[in-house]
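A.B. asks: pasting the sequence and the predicted coordinates here, then a few questions.
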Amino acid sequence: MQIITTLTQKGQLTLPKKIREKVGLKPYSKVYLKVSADSVKITPTYDILDMAGKFTPKKKKSVLSAREELDKSYKRV
């Protein structure tokens, strides 16, 4: 699928509905951007809270406290 869209004055880009639906993006979904010399690849990604309840933890720790620890160690580029 190929679609042309426009970058706004503020540098924002709207992903057309057909593309969002095809890859399962919903409002406030997180995406991973991989930039190369002449292109940008957008890949859906998930927050740790999206995985809540899917795994059995070795240590009993709430998802919220795990998220807080992740936020403390996360550094923006």
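C.D. replies: Ah, there it is.
A.B. asks: when you work out contacts or count neighbours from here on, use the C-alpha atoms and nothing else.
C.D. replies: Fine.
A.B. asks: ramachandran angles for the most centrally placed residue in the chain?
C.D. replies: Centroid-nearest residue in the chain: residue 30, 2.0 Å away (criterion: Cα atoms, centre = their mean). Main-chain dihedrals, residue 30, degrees, to the nearest 10: phi -100, psi 140.
A.B. asks: contacting residues for it?
C.D. replies: Neighbouring residues of residue 30 by Cα atoms under 8 Å, 6 or more residues apart in numbering: 44, 45, 46, 47.
A.B. asks: quick one: the first one is in a strand?
C.D. replies: Yes - residue state for residue 44 (DSSP: H, G, I helix; E, B strand; the rest coil) corresponds to a strand.
A.B. asks: number of nearby residues for the residue lying closest to it once chain neighbours are set aside?
C.D. replies: With sequence-adjacent residues excluded and distances taken as Cα to Cα, 6 or more residues apart in numbering, residue 44 is closest to residue 31, at 4.4 Å. Residue 31 is flanked by 14 other residues according to other Cα atoms under 10 Å.
A.B. asks: wait, residue 45 touches residue 33, no?
C.D. replies: No - using Cα atoms under 8 Å, residue 45 is not in contact with residue 33; the gap is 9.7 Å.
A.B. asks: between these two, which contacts overlap?
C.D. replies: Contacts common to residue 45 and residue 33, judged by Cα under 8 Å, 6+ apart, are absent.
A.B. asks: buried ones in the helix or strand bottoming out on mean pLDDT in the chain?
C.D. replies: Lowest on mean pLDDT, DSSP states H and E among the helices and strands of the chain sits helix 63-73, with a mean of 82. For helix 63-73, burial by neighbour count (16 or more other Cα atoms under 10 Å) applies to residue 63.
A.B. asks: equivalent analysis for stretch 22-34, please.
C.D. replies: residue 25.
A.B. asks: just the C-alphas of that stretch, formatted as PDB.
C.D. replies: This file holds the C-alpha atoms of stretch 22-34, laid out as PDB (Å, rounded to 0.1, in the frame of the first residue of the first chain):
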ATOM      1  CA  LYS A  22      -4.000  -2.200   8.700                       C
ATOM      2  CA  VAL A  23      -1.300  -2.100  11.400                       C
ATOM      3  CA  GLY A  24      -3.700  -1.900  14.400                       C
ATOM      4  CA  LEU A  25      -2.900   1.600  15.600                       C
ATOM      5  CA  LYS A  26      -5.400   3.300  17.800                       C
ATOM      6  CA  PRO A  27      -5.400   6.800  19.400                       C
ATOM      7  CA  TYR A  28      -2.500   7.200  21.700                       C
ATOM      8  CA  SER A  29      -0.700   4.100  20.300                       C
ATOM      9  CA  LYS A  30       3.000   4.200  20.600                       C
ATOM     10  CA  VAL A  31       5.200   3.800  17.500                       C
ATOM     11  CA  TYR A  32       8.900   3.200  17.000                       C
ATOM     12  CA  LEU A  33      10.700   5.400  14.400                       C
ATOM     13  CA  LYS A  34      13.800   4.100  12.700                       C
END
